[in-house]
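Asker: Starting from these lines, generate the structure:
(chains A, B, C and D)
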2 protein chains.
Amino acid sequence: MSETTPRRAPRPGERQRDPERTKARIFEAAKAEFGSKGYAAARVSDIAQRAGVNKQLISYYFGGKEGLYAEVASEPFAGFAAMTTTDRPLADVLEDFAKGGLADQDQARLFLRENMAEGAPNEAGAESQREFLRGQLAYMRARQEAGDFPADVDPKTFLLMLMAAASAPMSLPRIAEALTGENPSSESFVEYYAEQLARVARHLAG
Amino acid sequence: MSETTPRRAPRPGERQRDPERTKARIFEAAKAEFGSKGYAAARVSDIAQRAGVNKQLISYYFGGKEGLYAEVASEPFAGFAAMTTTDRPLADVLEDFAKGGLADQDQARLFLRENMAEGAPNEAGAESQREFLRGQLAYMRARQEAGDFPADVDPKTFLLMLMAAASAPMSLPRIAEALTGENPSSESFVEYYAEQLARVARHLAG
DNA sequence: GATTGTGTCAACCTTAAGGATGATTAACCC
DNA sequence: GGGTTAATCATCCTTAAGGTTGACACAATC
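Answerer: Numbers count the residues shown, from 1 in each chain, chains lettered A, B, ... in the order given. Just a heads-up that it's a prediction; the model follows:
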C-alpha cells in the first residue's frame, strides 16, 4: 500500500485545519478505495487512513460511507468531457477517449464498477450520463454520414462496442497483462493501446 | 428476488437428502450471487436461501464463504471452450464468443468481476486462462495471415479489444440499456449484438 | 427392524466494521 | 488576548454477518 499523504506533517507555512483540504483528501481517497475494491469491500477506516485523517471526519463531512459513495459516484465522469465537437474524425476522438481514462484511473474504475452494479442507479450521475450518451450518439450518426464507419452497422450498438473496447485496459486488466506482459495501467501501455484502437477504427472508414 | 428453488418441497419421487444435489445447488446459487454482487457484497445467508438449504451447509461442503468462492471462481470458464479450431473465419468465431457469455451469464459476470479484482489471482483459474489466451493468440495470428484483419495491428492488442467488445453487454449493462432501451441480458439483445459485432469484424477483412 | 453414520438444521458465539459521543484544540472575531 | 465556533480526534457502542456447536433425522446396512 503506497502512501498517498505525508501523514500529519504540519508543514511550515501550512494550515493545520482546513475543511476544504480535508474534504478533498477524503474525496480522493474514497475514489481510489471504492474504485479499486468496490463499495462493499472498501473500508471506511482505510479511506480515512489513506486521506491521513480520522475516520470520524467521514461522517462529519459526508454523512457516512453511503453518503460519501453517493457523492463520489455522482461526480460527472471526467472522461466524458471535451470530445463533443462533431467534426473530428472518429478515430481521433476514440483515441482521446481511450487515453481519457488515464487521466483519472480511480474514477474510471469506479465508473466501471458502478455500471456493473445492480440496484437503483445513482440518480445524479445517471442523468448526466444519459445526456452524454445522447451527445455521443448524435456524434456517431454524423460520423457515419461522413463515412467513418460502415452504413450497415447500428450506431448505438457500435458506440457500445467502442466504449467497451476503449476501456479494456481498465475492465480486463488481468487479461491485458497476461497477454502483453505489461502493466495495463502504465501510461506507456494506455498510449499504445489507444493508438492501436485508433488504427483499427481507421481501417473501418470507407 | 426471484425464487430459484421450490423451497423444501420433497417431491414424490425425489430423495430428500442428496449431497450431490445439495452441493450443486449451492454452487449455482453462489455463482449467481457472487456474479451479480461481487465477493464482498454477497451474503452467505442469501446464497443458502437461494439454494434452498441451511447456511451451515456452506461451511460443511465448501469450508465457508472463501472456500466456496475459490471453488466457484476456479471453474474453467465455459465461454472459453469449443472455439479453438484455427480455420474458421474471425467474424464467425467472434460471434460465437459473444453469444457464449449468454450460456452462463452468472459465470460470465463472475469472470469479469474476478478479472477486475486486485489481490492474488485464483491460481487454478489463472493457469487455464493463460492456456486459453495462448491458444487464442495463435488463432489470431493465423487469422491475420489469412487476411481477416489488417496486418498493421498488433494481434495481442486486437485480441484484447475484441474480448472487451464481445463482453460489452455484461460489462456495461447500464450503458447498453440506456443506449438501446433493451434489456442487455435478454437473449434477443445478445444475439443482435453478436451479429453486429461479427458484421463490424467482416468489414475489417481485406 | 435396530444400528450406525452422514446429511441437515436451529440456535448461539465472535468479531470486524460502521457509526455515535464527548473531549480537545486550532482558527476567527471583537 | 479572551471568547466562541468549527474542526479534529480517541474511545466506546451496536450490529450484521460469518462461523461454530450440538441436536436430530433420514438412509444405508445388517
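
Asker: going forward, measure contacts between C-alpha atoms and count neighbours the same way
Answerer: Fine.

Asker: Please give me every residue in contact with A:Val44.
Answerer: A:Lys55, A:Ile58, A:Lys65 (CA atoms under 8 Å, 6 or more residues apart in numbering or on different chains).

Asker: what's the helix or strand for the residue nearest the centre of chain A?
Answerer: Nearest residue to the geometric centre of chain A (CA atoms, centre = their mean): A:Ala108, 1.7 Å. Following DSSP states H and E, one finds A:Ala108 within helix A:105-116.

Asker: So, low pLDDT: which residues of chain A?
Answerer: Along chain A, the model assigns pLDDT under 70 to residues A:1-14, A:80-84.

Asker: May I have the longest helix seen in chain A as PDB, with CA atoms only?
Answerer: Criterion DSSP state H: the longest helix present in chain A is helix A:123-145. Taking Å, rounded to 0.1, in the frame of the first residue of the first chain, the C-alpha atoms of helix A:123-145 are listed here in PDB:
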ATOM      1  CA  GLU A 123     -29.700   9.400  -9.900                       C
ATOM      2  CA  ALA A 124     -27.500  12.400 -10.200                       C
ATOM      3  CA  GLY A 125     -24.900  10.600 -12.200                       C
ATOM      4  CA  ALA A 126     -27.500   8.700 -14.300                       C
ATOM      5  CA  GLU A 127     -28.900  11.900 -15.800                       C
ATOM      6  CA  SER A 128     -25.600  13.400 -16.800                       C
ATOM      7  CA  GLN A 129     -24.700  10.100 -18.300                       C
ATOM      8  CA  ARG A 130     -27.800   9.900 -20.300                       C
ATOM      9  CA  GLU A 131     -27.100  13.400 -21.500                       C
ATOM     10  CA  PHE A 132     -23.600  12.400 -22.500                       C
ATOM     11  CA  LEU A 133     -24.900   9.300 -24.400                       C
ATOM     12  CA  ARG A 134     -27.300  11.400 -26.300                       C
ATOM     13  CA  GLY A 135     -24.500  13.600 -27.400                       C
ATOM     14  CA  GLN A 136     -22.200  10.800 -28.300                       C
ATOM     15  CA  LEU A 137     -25.000   9.100 -30.400                       C
ATOM     16  CA  ALA A 138     -25.500  12.300 -32.400                       C
ATOM     17  CA  TYR A 139     -21.800  12.400 -33.000                       C
ATOM     18  CA  MET A 140     -21.800   8.800 -34.100                       C
ATOM     19  CA  ARG A 141     -24.600   9.400 -36.600                       C
ATOM     20  CA  ALA A 142     -22.800  12.400 -38.000                       C
ATOM     21  CA  ARG A 143     -19.600  10.300 -38.400                       C
ATOM     22  CA  GLN A 144     -21.500   7.500 -40.000                       C
ATOM     23  CA  GLU A 145     -22.800  10.000 -42.600                       C
END
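
Asker: Kindly calculate the angle that the helix or strand following that helix makes with helix A:123-145.
Answerer: Counting by DSSP H and E, the next helix or strand C-terminal to helix A:123-145 is helix A:155-166. Angle of helix A:155-166 versus helix A:123-145, following axes from the mean of the first three to the mean of the last three CA atoms, to 10 degrees, is 110 degrees.

Asker: Wondering if helix A:155-166 reaches chain B at all.
Answerer: Yes: shown here: helix A:155-166 in contact with chain B (CA under 8 Å from any CA of the partner chain) through A:Lys156, A:Thr157, A:Phe158, A:Leu160, A:Met161, A:Leu162, A:Ala164, A:Ala165, A:Ala166.

Asker: by contact count, what packs against that helix?
Answerer: Under the contact definition 3 or more CA pairs under 8 Å, 6 or more residues apart in numbering or on different chains; DSSP states H and E, helix A:155-166 sits against helix A:90-103, helix A:123-145, helix B:155-166, helix B:168-171, helix B:173-180, helix B:187-204.

Asker: now the fourth one: how far from the chain's centre is it?
Answerer: Here the centre of mass of C-alpha atoms in helix B:168-171, compared against the chain's by CA atoms, centre = their mean, to the nearest Å, lies 11 Å away.

Asker: can you list the residues that contact that helix?
Answerer: A:112, A:115-116, A:160-161, A:164, A:171, B:105, B:108-109, B:112, B:176, B:184-185, B:190.

Asker: now for the host helix or strand of A:Ala29, which elements pack on it?
Answerer: Using DSSP H and E, the element containing A:Ala29 is helix A:19-37. Packing partners of helix A:19-37 (3+ CA pairs under 8 Å, 6+ apart): helix A:44-51, helix A:64-73, helix A:105-116.

Asker: Could I get these in TSV, plus columns for distance to A:Pro150?
Answerer: Output for the helices and strands packed on helix A:19-37, formatted as TSV (distance: least, CA to CA, whole Å):
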stretch	distance to A:Pro150
helix A:44-51	47
helix A:64-73	35
helix A:105-116	28
